[in-house]
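Undergrad: Please find the sequence and the predicted model below.
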Amino acid sequence: MAPSRVDQSGRVTSLYRKYGPAIYSRCRRLLKDDALAEDATQEVFVRVLRHIESAPDDAAALAWIYRISTNYCLNLIRDRGRQAEPTDELPESASDHPEPDLVDRQLAMRLIERAPETLRAPAVLYYLDGLEQEQVAKTLGISRRTVINRLQEFAERSRKFMARERGAA
Amino acid sequence: MMINTRGHLSSETIDLLLLSALGAEETNEAKAHIDGCPNCKERWRELNEDKQRFEQFVFARTLPKIEERLAKKSLWDSLNLRLLIPALGLGLAALVAVVVVPRVTGGQTEDEVYVGVKGKEPLFEVFAQRDTGSAFAVKEGSTLKPKDRIRFVVNPAGAKYVLVASRDGKGVFTVYHPFGAAESAPVDAKTPRRIELPNAVELDETPGAERLVAVFSDAPVKAAEVEAALKANPSAPQLGNARVISWEFKKDAP
């Protein structure tokens, strides 16, 4: 028998109450804008719902949430960037090597915003979320080799960018 | 091992901890790490703050919108299924498409609203923030206060230019986007997504009904033309081939 409207509504409410905070937090931290984050949370939840309904456990549900919310927010950030909004200067950094600096999540996010689109999602999951390369690959549905290549390219670009910034300062 | 190769807990582990989805041993290990790691402690604090904020404000505000969208989507899906039943025939299918669908979706499916399809209706949303509180959606008839900050989100649906303006309770016309400009600004029509327009506008102290107008067009539109159209027909301004969305909110006296 198909679930009644009331059952379905109760299930959605329960899933939203459970996973909504994780979605909202990701959107808020990536977008850095409360209004956009609130809106993005609804959009992501509607898109992720059928996946988390059938996820075998919480870790699998979170993987879908990471994948869809990361891509959704990065698209919003890209669109916002195309509006020629003035961007902040990069903060001062203590090292010429991007890896240690990427512990600074604020700096990491600014470097990610400047990176080509294909490098952004792996960089978010690896540097901001602290996932291992294998987990990044599974979350995004790409091979580990591709993840390694993209992270290497991201690190290389970031290193050059930061060296240029210091040279210009 | 829960600690990653860089010596921290991953977001996944912290989220699972917050969901109480880790085993007892893992929970203890994660909590012990958080206690001794400033980096992970800060992320734990952030996640808890966001969770609290979500539960106190965001959940109640957004759940009805989600339920409404899912109900529409469900109805839309069932209509699509019916269209596949050959017994209905093309005539009935056409009738359903012409008569029923616009009532159900306002002309757009949920996915079309998200991605934007050229030829479909554009989208214009307004969000406000009061003091340091959470942002909230502004709809027709909403009441705002002086000093509230408002931001605009549009989906141009293929239009190349957008202008957002207002006519306040005293009849003063102001261009909000691009702020103070004489004509509409280009918008990325090739990126069919909802776009947040840059900058927020802080409302002044003029009380009464304030009419907002968003003009979507394929060529620049002069602000003076928008002002004239608003003056001529405040509730439904007409601007040639441009697509116009217009509605009012109320502003309390200070």
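TA: Ah, there it is.
Undergrad: and the longest helix for chain A?
TA: When chain A is parsed with DSSP state H, its longest helix is helix A:5-31.
Undergrad: Now do that one: distance to the chain's middle.
TA: The chain centroid and the centroid of helix A:5-31 are separated by 17 Å, computed with C-alpha atoms, centre = their mean, to the nearest Å.
Undergrad: Following the record's annotation, map out the domains of chain A.
TA: Following automatic domain parsing, one gets these domains for chain A: A:8-86, A:90-169.
Undergrad: so, in contact with chain B or not, the last one?
TA: Put plainly, it is domain A:90-169. Yes - counting by C-beta under 8 Å from any C-beta of the partner chain, chain B has neighbours in domain A:90-169: A:103, A:128-132, A:135. For glycine as for every other residue, the C-beta is placed from the backbone atoms N, C-alpha and C.
Undergrad: quick one: contacts for B:E46?
TA: A:25, A:29 (C-beta atoms under 8 Å, 6 or more residues apart in numbering or on different chains).
Undergrad: Name the spans of chain A whose pLDDT lies under the cut-off.
TA: Flagging of chain A using pLDDT under 70 yields the residue ranges A:1-9, A:81-103, A:168-169.
Undergrad: Buried ones among the residues of domain A:90-169 next to chain B?
TA: Buried residues within those, counting neighbours by 16 or more other C-beta atoms under 10 Å in any protein chain shown: A:128-132, A:135.
Undergrad: Secondary structure and distance to B:L17 for the residues you listed - can I get that in JSON lines?
TA: Below are these laid out as JSON lines (DSSP: H, G, I helix; E, B strand; the rest coil; distance: C-beta to C-beta, whole Å):
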{"residue": "A:L128", "secondary structure": "helix", "distance to B:L17": "17"}
{"residue": "A:D129", "secondary structure": "coil", "distance to B:L17": "14"}
{"residue": "A:G130", "secondary structure": "coil", "distance to B:L17": "13"}
{"residue": "A:L131", "secondary structure": "coil", "distance to B:L17": "15"}
{"residue": "A:E132", "secondary structure": "coil", "distance to B:L17": "18"}
{"residue": "A:Q135", "secondary structure": "helix", "distance to B:L17": "16"}
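Undergrad: quick check, nearest of the residues you listed to B:S11?
TA: The closest of those to B:S11 turns out to be A:D129 (C-beta to C-beta; 3.8 Å).
Undergrad: farthest-separated two in the residues of domain A:90-169 next to chain B?
TA: Pairwise distances among the residues of domain A:90-169 next to chain B were taken by C-beta to C-beta; the largest, 18.6 Å, belongs to A:V103 and A:Q135.
Undergrad: re the thing from before, ranking the domains of chain A by mean neighbour count, which comes first?
TA: domain A:8-86 (a mean of 19; mean count of other C-beta atoms under 10 Å in any protein chain shown).
Undergrad: Please tell me how far that domain is from the chain's geometric centre.
TA: For domain A:8-86, the distance to the chain centre is 10 Å (C-alpha atoms, centre = their mean).
Undergrad: Same question for stretch B:194-212.
TA: Centre-to-centre, stretch B:194-212 and its host chain are 15 Å apart (C-alpha atoms, centre = their mean).
Undergrad: B:V175 is in contact with B:L163, isn't it?
TA: Yes - assessed by C-beta atoms under 8 Å, B:V175 is found in contact with B:L163 at 6.6 Å.
Undergrad: Let's have the domains of chain A in CSV, adding distance to B:L197.
TA: Below are the domains of chain A laid out as CSV (distance: least, C-beta to C-beta, whole Å):
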stretch, distance to B:L197
domain A:8-86, 7
domain A:90-169, 18
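Undergrad: quick one: which of these is nearest B:A24?
TA: domain A:8-86 (15.7 Å).
Undergrad: related to what we said a few turns ago, after the longest helix of chain A, heading C-terminal, what element do we hit next?
TA: helix A:34-54 (DSSP states H and E).
Undergrad: which helices and strands does that following helix pack with?
TA: Counting contacts by 3 or more C-beta pairs under 8 Å, 6 or more residues apart in numbering or on different chains; DSSP states H and E, helix A:34-54 packs against helix A:5-31, helix A:58-81, helix B:59-83, strand B:123-129, strand B:135-138, strand B:149-155.
Undergrad: ok, now how distant is A:A115 from A:F161?
TA: 9 Å (C-beta to C-beta, to the nearest Å).
Undergrad: swap in B:P38?
TA: 27 Å.
Undergrad: Turn the helices and strands packed on helix A:34-54 into TSV, columns for distance to B:A219.
TA: Shown next, in TSV, are these (distance: least, C-beta to C-beta, whole Å):
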stretch	distance to B:A219
helix A:5-31	32
helix A:58-81	22
helix B:59-83	33
strand B:123-129	19
strand B:135-138	29
strand B:149-155	17
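Undergrad: quick one: which of the ones you listed is nearest B:E26?
TA: Among the helices and strands packed on helix A:34-54, helix A:58-81 sits nearest to B:E26 (C-beta to C-beta), with 11.6 Å.
Undergrad: what's the angle from that closest one to helix A:5-31?
TA: 60 degrees (axes from the mean of the first three to the mean of the last three C-alpha atoms, to 10 degrees).
Undergrad: Which secondary structure elements does helix A:58-81 sit against?
TA: helix A:5-31, helix A:34-54, helix A:117-123, helix A:133-140, helix B:11-18, strand B:195-196.
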